[in-house]
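Chemist: With the sequence up front, the predicted model follows.
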Protein chains: 2
Amino acid sequence: MPTPLPLAHRVDDLVGSVIDSSTSLLARQTHDIVRFAMGAPSDDLMPVELLDRFSACREADKYSYGATEGVPAMVDQIVKLQAEHGVSTSPERITVTTGGMQGLDLACKLFVDPGDMVVVEGPTYSNGNATALSYGARLLEVPVDEQGLDVDALVERVEASGRTPKAIYTIPNFQNPSGVTLVRSRRERLLELADEWGSMIIDDDPYGLLRFEGSHVPSLSELAPGNPRIFSVRTFSKILAPGLRLGWVDADPSLQPLLINAKQAMDTCTSVPVQTTVREFLDGGHLQPHMDRVLHLYKQRKEAMRAALDRTFGDAVTSTDPEGGFFLWVTFADERIDTEQLFPQALAEGIAYIPGAAFSADRNFHNALRLCFATSTPERIDEGVARLARAVERHASAQ
Amino acid sequence: MPTPLPLAHRVDDLVGSVIDSSTSLLARQTHDIVRFAMGAPSDDLMPVELLDRFSACREADKYSYGATEGVPAMVDQIVKLQAEHGVSTSPERITVTTGGMQGLDLACKLFVDPGDMVVVEGPTYSNGNATALSYGARLLEVPVDEQGLDVDALVERVEASGRTPKAIYTIPNFQNPSGVTLVRSRRERLLELADEWGSMIIDDDPYGLLRFEGSHVPSLSELAPGNPRIFSVRTFSKILAPGLRLGWVDADPSLQPLLINAKQAMDTCTSVPVQTTVREFLDGGHLQPHMDRVLHLYKQRKEAMRAALDRTFGDAVTSTDPEGGFFLWVTFADERIDTEQLFPQALAEGIAYIPGAAFSADRNFHNALRLCFATSTPERIDEGVARLARAVERHASAQ
């Protein structure tokens, strides 16, 4: 009888934190699936031709190691992009990352000791929770409503816990998975609370540039320029293409040496040819025209999805009405519906989504699910919602 | 007076573990530097034209998320590559990683709890130590001699510690930084000890395919096929191009679900266009011809470096004589020479290396340094060694 492998205690949390309706599972499916699960644009909404063209650009040292904090010309483009959207930053605040996910990994590496309390939104991005858990964090889930993170509930729950959070993890714009946006007054309150508690704010904003209606809400950095408690995690995944795996952290300059050391021990540097490709794309002024084109379509797709849900389910579901981003959050009125139990049936019908409980540290939201409207055309959205309705019907009749 | 930021305890280890003679520092230098520091081929020894060409290949889903364990066609190519070099593996053993560094990060995430003892070689790859430290490992440094890790010293030191190691981190071939290769009898002993102690062997082999003289030594996996304690970390960085950031883990199939979950919380998946590029390169049969070409040149470069060292320093230095890989390990006979103190002078003279102590958990090897012969032509190697000699001379006369 061989001795078992000497696994770390944290692997128990790793196992529980990621659900099977992931890229890996979907990659193994061979039948036609309407992909409402992953938060990714469809191929036709990514500038594939330009990316291919810029991938072939000849450049010295393109295939060698790059500086850990990012290729300098890439960092400069990021500073410029931020400035164009009202955020003043500088190269010593920027660390290029292997997607936004690595920004979250870095945040936890820098701030989370085992046993530390980290506030997370309920619901929130499941891999955000997973990363914090992998560093031994204790998660304190605080509800989100239509105005974003409920800051009054935050105060109550933190007081009830008898301790202060090391970090507060928030997705302020078109939140994943709910689609809601944190209102300005709550952003201001959140900044006050972080100062009061000595907490970091992990400001994860993959979708902020993807507003297709309504008015801009000032970012945390716009409200409190230079506040060292704001650790901003950004990515090109949603505004350009997720397969690239390119993002950045915008943080207090005092943190940059730590970020460099931490990232060296994660992946040394971010892929240099990927940085070259995106730098060329930005340098050519292609990002804004690209976003102008896709935002119009995302708005159409959101409206198509809401209309299809309304037409198909009527009062049997409620859904959020995001002004940007990728996601609708759908809640079944019938609390007996469990979207994790429903999932195999849905996959069999050819529709993928992410069950609500996956987004909850406390396994709440069993009768909710996240739908991504960005990946599918209005026609496919109609088809997907129809398949979802069939799955619900069959699931109900099988019980 | 603002409250300090709530940094995790581990950042103290992050700060100490990475030295300044890194990519980041070198990227900021504007004068001519002979680059003996980083372990990277020169641009002319990377198949830049082919990589650029394959980067532009059109492929469906190329810019979307890929499966976390790797794009299936990429995994198949890795299995084939391993088979061509005598290692039988299978897709359920493979996880594609963002460079070999992420393989080490994954190993520590899966096996290292805070306080666990990890055996490391002295000297060894500094970022390997850094990763283990970032998970709270206590490092037990065991010396390396001309036959690789000293397994008798390993037994002694483990016994003296009064506990067993959770993992043993070894670089068996053309070790970084020493250039030495673990002999077969010691590999067999290491496998026995890992079984006896219940330890994982983190088998980090970036250079194994880069043998330019001498005879193949069977890998740990060849000696003990299917042994679940062998966690093999591999990379395309040294055989192809480090800037890509592409590698893989070959591990027991029982670990794959854990690796997928852990990697999802690190960077979701490895860059899909990078996987596409390398898959096309491998699929076209370009790797072996490329390696045949560069191995011949690496041998020349190693010989040029050893000859230049001998001509310039004579008995004042000893150096190892690797049969493959990228590195020579140079030790000054004069123990008063401190290669960390020498470093600024060397950089001013236009020569970069890595000081010996950077490769030691115990800060040993102060009078040694690592030189990479792979990056420079024989002429540049002569120039670099001459600059090193001038730096040593000026440093000595300044004291």
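Modeler: Received the coordinates, thanks.

Chemist: Identify each buried residue in the lengthiest strand in chain A, please.
Modeler: Longest strand in chain A, counting residues (DSSP state E): strand A:138-145. The neighbour-count check on strand A:138-145 (16 or more other Cβ atoms under 10 Å in any protein chain shown) flags A:138-142, A:144 as buried. (Glycine included, C-beta is placed from N, CA and C.)

Chemist: And for stretch A:199-214?
Modeler: Residues of stretch A:199-214 classed as buried: A:199-212 (neighbour count, 16+ other Cβ under 10 Å).

Chemist: Please list the members of the residues you listed that lie in strands.
Modeler: Judged by DSSP E, those include A:200-204 as members of strands.

Chemist: Of the residues you listed, which is the nearest to A:A352?
Modeler: Of all these, A:A352 sits closest to A:D204, with 23.3 Å by Cβ to Cβ.

Chemist: Identify the bridge partners of that closest one.
Modeler: In this entry, A:D204 is beta-bridged to A:V233, by DSSP bridges.

Chemist: what's near enough to touch it?
Modeler: Contacts for A:D204 (Cβ atoms under 8 Å, 6 or more residues apart in numbering or on different chains) come out as A:100, A:103-104, A:125, A:128, A:169-171, A:233.

Chemist: Go again with 10 Å.
Modeler: Counting by Cβ atoms under 10 Å, 6 or more residues apart in numbering or on different chains, A:D204 makes contact with A:100-101, A:103-104, A:107, A:121, A:124-125, A:128, A:169-173, A:175-176, A:231-235.

Chemist: before we move on, back to that, which single one of the buried residues of strand A:138-145 is nearest to chain B?
Modeler: Ranked by distance to chain B (Cβ to the nearest Cβ), the buried residues of strand A:138-145 are led by A:L139 at 13.3 Å.

Chemist: residues near the residue lying closest to that closest one once chain neighbours are set aside, how many?
Modeler: Leaving out its chain neighbours, the residue that sits closest to A:L139 by Cβ to Cβ, 6 or more residues apart in numbering or on different chains is A:A361, at 3.9 Å. Using other Cβ atoms under 10 Å in any protein chain shown, A:A361 is surrounded by 24 other residues.

Chemist: From chain B, how far out is A:A361?
Modeler: A:A361 sits at a distance of 14 Å from chain B (criterion: Cβ to the nearest Cβ, to the nearest Å).

Chemist: circling back to that earlier point, adding pLDDT and distance to A:S397, write the ones in strands among the buried residues of stretch A:199-214 out as TSV.
Modeler: As requested, those are exported to TSV (pLDDT from 0 to 100; distance: Cβ to Cβ, whole Å):
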residue	pLDDT	distance to A:S397
A:M200	98	49
A:I201	98	47
A:I202	98	44
A:D203	98	45
A:D204	98	40
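
Chemist: With distance to A:N261 as new columns, can these be given to me in JSON lines?
Modeler: Below are those laid out as JSON lines (distance: Cβ to Cβ, whole Å):
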{"residue": "A:M200", "distance to A:N261": "18"}
{"residue": "A:I201", "distance to A:N261": "22"}
{"residue": "A:I202", "distance to A:N261": "19"}
{"residue": "A:D203", "distance to A:N261": "22"}
{"residue": "A:D204", "distance to A:N261": "22"}
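
Chemist: how far is stretch A:144-163 from where the chain is centred?
Modeler: The chain centroid and the centroid of stretch A:144-163 are separated by 21 Å, computed with Cα atoms, centre = their mean, to the nearest Å.

Chemist: Please identify which helix or strand holds A:L328.
Modeler: Applying DSSP states H and E as the criterion places A:L328 in strand A:327-332.

Chemist: At the contact with chain B, which residues of the stretch 251-399 of chain A appear?
Modeler: For the stretch 251-399 of chain A, the contact set with chain B under Cβ under 10 Å from any Cβ of the partner chain comprises A:251-252, A:254-277, A:375.

Chemist: Adding pLDDT, write the buried residues of strand A:138-145 out as JSON lines.
Modeler: Supplementary listing: these in JSON lines, determined by pLDDT from 0 to 100:
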{"residue": "A:R138", "pLDDT": "96"}
{"residue": "A:L139", "pLDDT": "97"}
{"residue": "A:L140", "pLDDT": "98"}
{"residue": "A:E141", "pLDDT": "98"}
{"residue": "A:V142", "pLDDT": "98"}
{"residue": "A:V144", "pLDDT": "98"}
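
Chemist: follow-up on the earlier one: among the contacts of A:D204, name the ones in strands.
Modeler: Those of these lying in strands (DSSP E): A:121, A:169-170, A:231-235.

Chemist: Next, find the distance separating A:F281 from A:M291.
Modeler: For A:F281, the distance to A:M291 equals 12 Å [Cβ to Cβ, to the nearest Å].

Chemist: Neighbour count for the two, which is higher?
Modeler: Higher neighbour count among A:F281 and A:M291: A:F281, with 23 against 17, using other Cβ under 10 Å.

Chemist: Kindly provide the distance from the closest residue to that one other than its chain neighbours to A:K62.
Modeler: The shortest distance from A:F281 to any non-neighbouring residue, by Cβ to Cβ, 6+ apart, is to A:F54 (5.4 Å). In this structure, A:F54 and A:K62 are 11 Å apart, going by Cβ to Cβ.

Chemist: Need the overlap of contacts for these two.
Modeler: A:273, A:276-277, B:55.

Chemist: and which of those is nearest to B:K302?
Modeler: Of the shared contacts of A:F54 and A:K62, the one sitting nearest to B:K302 (Cβ to Cβ) turns out to be A:P273, at 28.2 Å.

Chemist: Quick check: the closest one touching A:L51?
Modeler: No. With contact defined as Cβ atoms under 10 Å, A:P273 does not reach A:L51; the gap is 11.3 Å.

Chemist: overlap in contacts of these two?
Modeler: B:55, B:273.

Chemist: State the pair within the buried residues of strand A:138-145 that is farthest apart.
Modeler: A:R138 and A:V144 (19.4 Å).

Chemist: What average pLDDT does the helix or strand hosting A:D12 get?
Modeler: Using DSSP H and E, A:D12 sits within helix A:11-17. Taken as a whole, helix A:11-17 carries a mean pLDDT of 69.

Chemist: Strands of the stretch 1-150 of chain A, residue ranges please.
Modeler: Ranges of strands in the stretch 1-150 of chain A, per DSSP state E, counting those that start in this stretch, are A:34-35, A:94-97, A:117-122, A:138-145, A:148-149.

Chemist: now swap in the stretch 151-300 of chain A and tell me
Modeler: Taking DSSP E, counting those that start in this stretch to define them, one finds strands in the stretch 151-300 of chain A at A:167-170, A:200-204, A:230-235, A:247-250.

Chemist: for the first one, what is the average pLDDT?
Modeler: For strand A:167-170, the mean pLDDT works out to 98.

Chemist: got it, and the longest one?
Modeler: When pLDDT is averaged over strand A:230-235, the result is 98.

Chemist: so that strand versus strand A:200-204, what angle?
Modeler: Interaxial angle, strand A:230-235 versus strand A:200-204 (axes from the mean of the first three to the mean of the last three Cα atoms, to 10 degrees): 20 degrees.

Chemist: and A:Q341, what pLDDT?
Modeler: For A:Q341, pLDDT reads 94.

Chemist: Would you verify that it is located in a helix?
Modeler: Yes. Assessed with DSSP: H, G, I helix; E, B strand; the rest coil, A:Q341 lies in a helix.

Chemist: Next, the contact list for it, please.
Modeler: A:355, A:366, A:395, A:398-399.

Chemist: Which one of those residues is nearest to A:V155?
Modeler: Of all the contacts of A:Q341, A:V155 sits closest to A:H366, with 26.9 Å by Cβ to Cβ.

Chemist: Distance check, that closest one against chain B.
Modeler: 21 Å.

Chemist: Isn't A:L25 up against B:A67?
Modeler: Yes. Under the criterion of Cβ under 10 Å, A:L25 makes contact with B:A67 at 8.7 Å.

Chemist: Many thanks, have a good one.
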